[in-house]
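Asks: this one's sequence-less:
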């Protein structure tokens, strides 16, 4: 396994196990440079969203980064997400076209429904199915969906989601959700894998990190990958972007995996998908 290693989604599309996220990175040179650093250092997956308000900068970075690295658009996996205000059939299609224009791309590799807004996500899903069948998106999925949301969606869907991107880190391991996703051919993906920095002083993970000569962040990212979860850690610093990807030269033991799994407290840093207001 290496930084370009991929998993095959249920529809046959290959998605990198590791990518860079740009949540809360504002438009400007810092954003552009972060994405370009990632591409230059071997990343082949970039995750953004309409609500991040940085799709234009991500698009600029992709164009410049690809040109400087000398490889094609087809070698990069780009994800964006439709925001809650645009969850409706026509509104979602329009939102997709807006995101595509801001990114300056001809297609997206993955497009997600950002949150499971009751009464709206089914119409949005129909729009994603339409875009997918028209060849405008390589893969479609959801974000922050719990089991009951997925059950409700799948009940009427023509196409099952290929991805479910959720809050996932050692304090919220979501084992039942992951098992449900596996049973239904849905790949789990982690956002906030480092719990927004709140796990960096955890003693259990620190001791494992010292054993391998790695950082706590590297241990958590490796734990994600060994649990079969795609992960997209965020950083704007080149040395940290490189460090986050330097996780393919060691392997955690079954005992160490269990020690980290046991840190679970079902504790979120983000909103509860069953109780959010935005």
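Replies: Structure received. For clarity, every value in this text was computed on a predicted model and none was experimentally measured.

Asks: in contact with residue 99, which residues are there?
Replies: By Cβ atoms under 8 Å, 6 or more residues apart in numbering, the contact set of residue 99 is 50, 55, 80, 82, 108, 111. Heads up, the C-betas are built off the backbone N, CA and C, glycines and all.

Asks: and the second one, what are its phi and psi?
Replies: Comment: the main-chain dihedrals of residue 55 come out as phi -60, psi -30, following degrees, to the nearest 10.

Asks: ok, the closest residue to it other than its chain neighbours to residue 68 distance?
Replies: The shortest distance from residue 55 to any non-neighbouring residue, by Cβ to Cβ, 6 or more residues apart in numbering, is to residue 102 (3.9 Å). Residue 102 is 21 Å from residue 68, where distance means Cβ to Cβ, to the nearest Å.

Asks: these two: who's more crowded?
Replies: residue 102 (18 against 11; other Cβ atoms under 10 Å).

Asks: all helices for this structure, in order.
Replies: Here the chain has its helices, by DSSP state H, at 29-40, 55-69, 89-103, 121-133, 147-156, 175-183, 203-212, 216-226, 238-245, 254-261.

Asks: reformat those helices as JSON lines; add mean pLDDT and distance to residue 271.
Replies: Formatted as JSON lines, the helices of the chain follow (pLDDT from 0 to 100; distance: least, Cβ to Cβ, whole Å):
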{"stretch": "helix 29-40", "mean pLDDT": "98", "distance to residue 271": "24"}
{"stretch": "helix 55-69", "mean pLDDT": "98", "distance to residue 271": "22"}
{"stretch": "helix 89-103", "mean pLDDT": "98", "distance to residue 271": "20"}
{"stretch": "helix 121-133", "mean pLDDT": "98", "distance to residue 271": "15"}
{"stretch": "helix 147-156", "mean pLDDT": "98", "distance to residue 271": "14"}
{"stretch": "helix 175-183", "mean pLDDT": "98", "distance to residue 271": "16"}
{"stretch": "helix 203-212", "mean pLDDT": "98", "distance to residue 271": "25"}
{"stretch": "helix 216-226", "mean pLDDT": "98", "distance to residue 271": "21"}
{"stretch": "helix 238-245", "mean pLDDT": "98", "distance to residue 271": "25"}
{"stretch": "helix 254-261", "mean pLDDT": "98", "distance to residue 271": "24"}
